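Q: for reference, the sequence and a predicted model appear below.
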Amino acid sequence: MSRLMQAMIRVVLRMFAPGVAADLRAEGQLSFTDAPRNGDVDSSSFLDIEDNGADTTLITFAGMAVLYAAMPKFEFKKILQSAGKPFNFVFVRDIYRSSYRLAPDGSDAGLAFYERAVRDALDRIGARYNIAIGMSGGGEAAFRISGATPIHHIVAFNPAFPLERYSALRNVFGVLLDARKLLFRPRAYAEVLFVTLGTRFLWKHNHRTIGRENPDLPLRDYLRRAAPATLYYSRDCLPDARQALTLKDIPSITLIPVESPRHNCLADLKKRGNAAVFIQDAIQQGLSGLSRNTGNEAQ
């Protein structure tokens, strides 16, 4: 990533997501230094495990991959600490900002690599319930990787899933021509425009460096197991609302609208003090559904 691009991303993050920027700075990850494409990569750069001996493990996938490739600890852990319930954590990030299509060794076997890494981590912890959480690009990873791992429930916020649909030109022009948002909510307009253009940049970059992917493959990856999913989407954010509605006919996915004009709806939820409630409710619903299914199988 060029220095100019890094500088632009820092400015945008500090303007639209100051909390994220502060956490990245505190963790020493605001430099956006690209990982080497050859040679060994330390596992701590893409996977971090916290085994707290709990019954439930949360696998959190780093989101906003076009902006940074930092560990997603700050995205969900701080919110969940207020729950008062212990969790194990598996933090996963895409060190190449490639939608998890590149493995840490630089090969194009990324999805298989991350599936195996998550599966091994979950087997090592041995918790009863495994719940994947992700926002934006992290939401897409949560859906795709759940198809080959023992994940029982997915909680996703505005997932770019599948990425090719999110980055479609009709979304780019729809955001550009949203005069009402530009006039009355200019900060939200700028954020959504930046994310939409950034997603298209990432999609085209993946095509150039990794190769074109079948646009139906991400959904097929998820449907291998079709783990129950709770998908929160911003009702007033055009690309995210459109994206969510393309998944409305999949019975394993429950759509829940959030009153937010932003792509980063979690930031709005945190301001209202609702973020922890939304996530805890989704987790509890997943646990309740899994308990019912387990009970039915036992009968």
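A: Happy to help now that I have it.

Q: where does this protein have its least confident helix or strand?
A: Least confident helix or strand of the chain, by mean pLDDT, DSSP states H and E, is helix 18-26 with a mean of 57.

Q: gap between the spatially closest residue to Asp55 that is not a sequence neighbour and Gly53?
A: Distances taken as Cβ to Cβ, 6 or more residues apart in numbering put Arg128 closest to Asp55, at 4.7 Å, once the chain neighbours are dropped. For every residue, glycine as well, the C-beta is placed using N, CA and C. In this view, Arg128 and Gly53 are 12 Å apart by Cβ to Cβ, to the nearest Å.

Q: these two: which is more packed in?
A: Counted by other Cβ atoms under 10 Å, Arg128 and Gly53 do not tie: Arg128 has more neighbours, with 13 against 9.

Q: so that one touches Asn88, yeah?
A: No. Arg128 is beyond contact range of Asn88, at 10.6 Å (criterion: Cβ atoms under 8 Å).

Q: what touches both of these two?
A: With contacts defined as Cβ atoms under 8 Å, 6 or more residues apart in numbering, the residues shared by Arg128 and Asn88 are Thr56.

Q: part of a strand, is Ala190?
A: No. Ala190 sits outside any strand when classified using DSSP: H, G, I helix; E, B strand; the rest coil, being helix.

Q: could you give the number of residues near it?
A: Quick note: Ala190 (other Cβ under 10 Å) scores 15 neighbours.

Q: check Tyr100 too.
A: 26.

Q: for stretch 236-253, measure first residue to last.
A: Criterion Cα to Cα, to the nearest Å; first-to-last residue distance in stretch 236-253 is 20 Å.

Q: switch to numbering from 21
A: Shifting the count to begin at 21 puts that one at stretch 256-273.

Q: average pLDDT for it, rounded please.
A: Across stretch 256-273, pLDDT averages out at 94.
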